[in-house]
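*Asks:* Task: produce atomic coordinates for the following.
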Amino acid sequence: MDIDDVVPVADHVTRQSRVIDAPPSIVWEELYRLQLTSLPVSLLLGAVRALPVLLSGRGRRRAGLDRTFLDVVPIPVLSSEPPSHVVFGGLLQAWRLFGGKRPPQLDAAGVREWSEPGWVKVGMEFRLAPAVGGTRLSCETRVAATDAGTRRRFARYWLVVRPGSSAIRWELLTAVAMRAEARAGS
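*Replies:* Model (predicted):
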């Protein structure tokens, strides 16, 4: 399975990648081990995003800064094939101040075929591939709205959020690279 099986056509796409001087097995392990406490930009931006929910009393504080980055991705894992790739996919209403309705849990085909208005379908994939100099770790995120009104609402939200979202991915790739290269070099 790959991201094409989840969101084949997207309204918004982001891609980041980095060559890491380490074998795929080590890069994979570090991707899965990376804790939120190692990602200050991600923690800050996540806190800003959660602030309205916490201040309203609608949410509860969740302990778990020791959780991994992949554990807190807001869409579920649909496929994981170590040390090649992991694919996430699901539905969100991220532009809503309090996060929107709870989405149904769907498999890849369910996400791909979902058409109820008011949702965005989100696919995210981390892929590892051999590259000159080591392993290329890439991240691709795709978002497709289910209707024109949602597409407009999400586009306004994405205009504000995209730089932070990309910064989080770059921070993640850099942290994985630093850890994997340190391990591979020792």
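*Asks:* could you list every residue that touches Gly90?
*Replies:* By C-beta atoms under 8 Å, 6 or more residues apart in numbering, Gly90 lies in contact with Pro74, Ile75, Pro76, Pro103, Gln105, Leu106, Val111, Lys121, Val122. C-beta: built from backbone N, CA, C; applies to glycine.
*Asks:* Is it possible to get CSV of those that adds secondary structure, distance to Arg162 and pLDDT?
*Replies:* Output for those, formatted as CSV (DSSP: H, G, I helix; E, B strand; the rest coil; distance: C-beta to C-beta, whole Å; pLDDT from 0 to 100):
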residue, secondary structure, distance to Arg162, pLDDT
Pro74, coil, 16, 90
Ile75, coil, 17, 95
Pro76, coil, 22, 96
Pro103, coil, 21, 95
Gln105, coil, 26, 94
Leu106, coil, 25, 97
Val111, helix, 21, 98
Lys121, strand, 17, 98
Val122, strand, 13, 98
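*Asks:* next helix or strand past the helix or strand bottoming out on mean pLDDT in the chain?
*Replies:* The helix or strand of the chain with the lowest confidence, counting by mean pLDDT, DSSP states H and E, is helix 40-56 at a mean of 74. Under the assignment DSSP states H and E, the closest C-terminal helix or strand after helix 40-56 is strand 77-81.
*Asks:* Please name every helix or strand in contact with that following strand.
*Replies:* Strand 77-81 is packed against strand 85-92, helix 108-113, with contacts defined by 3 or more C-beta pairs under 8 Å, 6 or more residues apart in numbering; DSSP states H and E.
*Asks:* how about 10 Å then?
*Replies:* The contact analysis (3 or more C-beta pairs under 10 Å, 6 or more residues apart in numbering; DSSP states H and E) places strand 77-81 against helix 24-33, strand 85-92, helix 108-113, strand 120-131.
*Asks:* hmm, back to that, now the buried members of the contacts of Gly90.
*Replies:* Buried residues within the contacts of Gly90, counting neighbours by 16 or more other C-beta atoms under 10 Å: Ile75, Pro103, Leu106, Val111, Lys121, Val122.
*Asks:* Farthest-apart pair in the residues you listed, please.
*Replies:* Pairwise distances across the buried ones among the contacts of Gly90 peak at 11.3 Å for Leu106 and Val122 (criterion: C-beta to C-beta).
*Asks:* Give me the common contacts of the two.
*Replies:* Common contacts of Leu106 and Val122 (C-beta atoms under 10 Å, 6 or more residues apart in numbering): Val6, Ile75, Gly89, Gly90, Leu91.
*Asks:* In CSV: those residues, plus distance to Phe126.
*Replies:* Formatted as CSV, the shared contacts of Leu106 and Val122 follow (distance: C-beta to C-beta, whole Å):
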residue, distance to Phe126
Val6, 13
Ile75, 13
Gly89, 13
Gly90, 15
Leu91, 20
